[in-house]
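# Return atomic coordinates for the entry below.
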Amino acid sequence: MRLFWHQLRNEQLVFWRSREAAVFVFLFPLLLFALLTAVYNGHIYGRPAAWALLAGMLGYGAANTAFAGLALILVARREMGILKRIRSTPLPAATYLFAVLVSILIVFALQAASLFVLGKLLKSTPWPGHLLSLTLALALGAAAFAGLGLAVTGVIRSLEGSSAVVNILVLPMAFLSGSFGPTRHYPRALRAIGDVLPLKYLLDAVNAIYLHGRELWDKPTAVAVLAGWGALGMAVALRNFRWEPSACSQDGTRQRQSSRSSASCWSRKPARSRSSARSGTRWPRTLRSSSTRCVWRSHRNACRTIASSGQRSASGS
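Below is the predicted model:
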């Protein structure tokens, strides 16, 4: 338990120190809510538009934070070799992943609270009447999307393509499920697609609780579908989740980020150092490579020793 709390604290520090995570994961739903409430007027689902948009942003925040945010974090750490190094530490893998999941759920809880505060300030939206039911619904939805986020990491093969993959999944899902407004005027085919998406059922539960004063147990279908999607995501994650970076490409090179942590891929030949250029010394190819980068990270100290000994022998000659 002590290791878990220590890792959870570190996860929170790392997240909030990252400007990209703070803006695109935490602040983006808040910015969308402010923009949409400035555009939409009138009533949606029989309630003021700001109320319905707030409920929609709660659902979108769960998908954006627990699904997209978690997937981007884990893919980046995998491709940079961080997950591989963690496996060699005394920290249990289950403890590490649980700390990452709890950390992202804490971020979503803060985001949901910030949405209510922002709605109250901008549009005088009411506080939730059934706080327990709404909390349980959001927790269930966030847990389901976290399981799906773990599952999709096995599909994403590169760090460069991770953002495109999650955005092409999250944004159409939010549009088809009704996060940005009602879907009753959509074509029948689009509504049929939206009816099988997990965000649709999370929004049904949130709308029923926040807009119409219902309880979570009044929506057993939504609860069952969300639980089913979460279980499916965890099952796929248990089968396909990887700690190792992706395999090398056929030409022997890697992406720029993942090449730093690879244990089997050679990078571009480094340029000669200034000192060697001035002295006119041309190092052997093996020493030139080892003096600038060790491919085998686990043997970093040994590589540095070889490089330094080669430099001393060359300078002595």
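
# residues near residue 121, how many?
Number of residues near residue 121 (other C-beta atoms under 10 Å) recorded here: 10. Bear in mind the C-beta positions are built from the backbone N, C-alpha and C, glycine included.

# Next secondary structure element downstream of the helix or strand where it lies?
Assessed by DSSP states H and E, residue 121 sits inside helix 93-123. For helix 93-123, the following helix or strand on the C-terminal side (DSSP H and E) is helix 131-152.

# so residue 214 sits right up against residue 208, yeah?
Yes: using C-beta atoms under 8 Å, residue 214 is in contact with residue 208, at 4.0 Å.

# ok, those two, which is more surrounded?
With neighbours defined as other C-beta under 10 Å, residue 214 and residue 208 compare such that residue 208 has more, 21 against 16.

# Could you find the closest non-adjacent residue to residue 44?
Of all residues beyond its chain neighbours, the one nearest residue 44 is residue 52 (3.7 Å), with distances taken as C-beta to C-beta, 6 or more residues apart in numbering.

# quick one, domains of this structure?
The chain breaks down into these domains under automatic domain parsing: 2-240, 266-316.

# is it possible to export these to TSV including mean pLDDT and distance to residue 246?
Below are those laid out as TSV (pLDDT from 0 to 100; distance: least, C-beta to C-beta, whole Å):
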stretch	mean pLDDT	distance to residue 246
domain 2-240	91	5
domain 266-316	43	15
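
# Buried deepest among the ones you listed, which one?
The highest mean neighbour count among the domains of the chain, using mean count of other C-beta atoms under 10 Å, belongs to domain 2-240: a mean of 18.

# Between the two ends of that one, what distance do you get?
Distance between the two ends of domain 2-240: 29 Å, counting by C-alpha to C-alpha, to the nearest Å.

# And stretch 84-93, by the same measure?
When the termini of stretch 84-93 are compared using C-alpha to C-alpha, they are 10 Å apart.

# so what secondary structure elements neighbour the helix holding residue 121?
Secondary-structure packing of helix 93-123 (3 or more C-beta pairs under 8 Å, 6 or more residues apart in numbering; DSSP states H and E): helix 2-17, helix 28-39, helix 49-62, helix 70-79, helix 82-87, helix 131-152.

# tilt between it and helix 28-39?
Counting by axes from the mean of the first three to the mean of the last three C-alpha atoms, to 10 degrees, helix 93-123 lies at 20 degrees to helix 28-39.

# List the residues that contact the spatially closest residue to residue 61 that is not a sequence neighbour.
Excluding its sequence neighbours, the residue lying closest to residue 61 (C-beta to C-beta, 6+ apart) is residue 29, at 4.1 Å. Listed by C-beta atoms under 8 Å, 6 or more residues apart in numbering, the contact partners of residue 29 are 57, 60-61, 64-65, 111, 115.

# And for residue 104?
15, 65-66, 69-70, 73, 146.

# quick one on the thing from earlier: pipe the contacts of residue 29 into CSV and attach distance to residue 96 per row.
Output for the contacts of residue 29, formatted as CSV (distance: C-beta to C-beta, whole Å):
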residue, distance to residue 96
57, 30
60, 28
61, 25
64, 23
65, 19
111, 23
115, 29
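
# nearest to residue 3, of those?
residue 65 (24.5 Å; C-beta to C-beta).

# what about stretch 125-138, distance to the chain center?
Relative to the chain's own centre, stretch 125-138 is displaced by 25 Å; criterion: C-alpha atoms, centre = their mean, to the nearest Å.

# With only the CA atoms kept, save it in CSV.
Extracted C-alpha coordinates of stretch 125-138, given in CSV (Å, rounded to 0.1, in the frame of the first residue of the first chain):
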residue,chain,number,x,y,z
THR,A,125,-26.7,25.9,-13.9
PRO,A,126,-28.0,24.0,-10.8
TRP,A,127,-25.9,21.7,-8.6
PRO,A,128,-26.8,18.0,-8.9
GLY,A,129,-29.8,17.0,-6.9
HIS,A,130,-28.9,13.3,-6.6
LEU,A,131,-25.1,13.6,-6.0
LEU,A,132,-24.6,10.0,-5.0
SER,A,133,-26.3,8.6,-8.2
LEU,A,134,-24.4,11.1,-10.4
THR,A,135,-21.1,10.2,-8.8
LEU,A,136,-21.7,6.5,-9.2
ALA,A,137,-22.7,7.0,-12.9
LEU,A,138,-19.6,9.1,-13.7
